[in-house]
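1. Could you work out the structure for the sequence below:
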Amino acid sequence: MKTLEEVLEVLEARIDRVRLEDYIAREWVRPQRADTGWYFEDIDIARLQLISHLTQEIQVNNEGMDVVLSLLDQLYGLRAQMRHLSHAITQQPPQVQMEITLIVDQLMKETGKS
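-> The predicted structure follows:
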């Protein structure tokens, strides 16, 4: 975990303190709060790098950033659910796995995704 000061150093002035505090207030990034300040995990820093790129280089405005980050959060959530589902399927007997595969294949054909 990194402190706010360490994060500002890592981001090499791409994001200043005022901007970082704004991102926290907008909940675009959610570091852990402690008595001694904010603490950021690696995922928070990666998200800040993405936000910096989108706002500064691609010129995504605040309203657009709200939408982009919401969609990304949904996407990552769905990916995690799919990993759990895939793991659960692999724990089933081979016959059940085959039946699930057949059902998914059929659904894909019906929706034109195959």
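2. In the helix or strand containing residue 44, which residues are buried?
-> Using DSSP states H and E, residue 44 falls within helix 42-52. When burial is assessed from 16 or more other C-beta atoms under 10 Å, helix 42-52 yields the following buried residues: 44, 45, 47, 48, 50, 51, 52. For the C-beta atoms, the positions are set from N, CA and C on the backbone; glycine is no exception.
3. which one of those residues sits closest to residue 77?
-> Nearest to residue 77 among those, counting by C-beta to C-beta, is residue 47 at 14.3 Å.
4. So, low pLDDT: which residues of the protein?
-> Scanning the chain for pLDDT under 70 picks out 113-114.
5. Could you chop it up by domain?
-> With domains defined by automatic domain parsing, the chain comprises 1-59, 62-114.
6. how far does the longest one stretch from start to finish?
-> With C-alpha to C-alpha, to the nearest Å as the measure, the first residue of domain 1-59 is 29 Å from its last.
7. mind checking how far it is from the chain centre?
-> Mean-position distance between domain 1-59 and its chain equals 14 Å (C-alpha atoms, centre = their mean, to the nearest Å).
8. Does residue 83 belong to a helix, a strand or coil?
-> Residue 83 falls in the helix class when you classify it by DSSP: H, G, I helix; E, B strand; the rest coil.
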